[in-house]
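> Give me a model of this one.
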Amino acid sequence: MPTQRNLIKLLYRLEPDEIYHLAAQSHVRVSFDIPEYTGMSPGLGTIRIFGGDSRDRTKDKVYQASSSEMYGKVRDTPQSRFTPF
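Got it, this is the predicted structure:
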């Protein structure tokens, strides 16, 4: 995973209009055994994308992927922000 400083330099150089953050832990057993590791990629990665970047990103499009497994057994498909965990 890139450091925050390197990631910010890259974002300034490329000036993307869209960012797709797809990193996540998908192994269920590991997610229960090492929850801190499971949260680092999506959590820390997002902080690194936005945390130290002073550029105005209000017009940028950002897609933050997560696992559908966080919803468990669902009744409705596809899930939305209103689907209960």
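> What are the boundaries of the helices in the chain?
All helices of the chain, identified by DSSP state H, fall at 4-14, 28-33, 35-39, 45-50.
> so what pLDDT did Gln64 get?
On pLDDT, Gln64 comes in at 76.
> repeat for the one 5 residues further on
The predicted local confidence for Glu69 comes out at a pLDDT of 68.
> Can you say which of the helices of the chain is nearest to Val74?
Across the helices of the chain, Val74 has its closest neighbour in helix 28-33 (16.0 Å, C-beta to C-beta). The way it works is simple: take the backbone N, C-alpha and C, and place the C-beta from them, glycine included.
> what's near enough to touch Thr46?
His21, Gln64 (C-beta atoms under 8 Å, 6 or more residues apart in numbering).
> Compute the distance between it and Met40, please.
Distance, Thr46 to Met40, using C-beta to C-beta, to the nearest Å: 11 Å.
> mind listing what Leu22 touches?
Counting by C-beta under 8 Å, 6+ apart, Leu22 makes contact with Tyr63, Ala65.
> Could you rerun that using 10 Å?
Ser41, Pro42, Gly45, Tyr63, Gln64, Ala65, Ser66 (C-beta atoms under 10 Å, 6 or more residues apart in numbering).
> These, buried ones only, as a PyMOL selection?
Command for PyMOL that selects the buried part of the contacts of Leu22, burial taken from 16 or more other C-beta atoms under 10 Å:
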select buried, resi 42+45
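> ok, the contacts of Leu22 vs Leu7, which is closest?
Gly45 (8.7 Å).
> Wait, the closest one touches Ala24, no?
Yes. The pair Gly45 / Ala24 is scored as a contact, 8.9 Å apart, by C-beta atoms under 10 Å.
> Overlap in contacts, the two.
Gln64.
> And the nearest residue to Thr83 once chain neighbours are set aside, how far from Leu22?
Spatially, and ignoring its direct neighbours in sequence, Thr83 is nearest to Tyr71 (5.6 Å; C-beta to C-beta, 6 or more residues apart in numbering). Here Tyr71 is placed at a distance of 18 Å from Leu22 (C-beta to C-beta).
> Right, I'll call it a day here.
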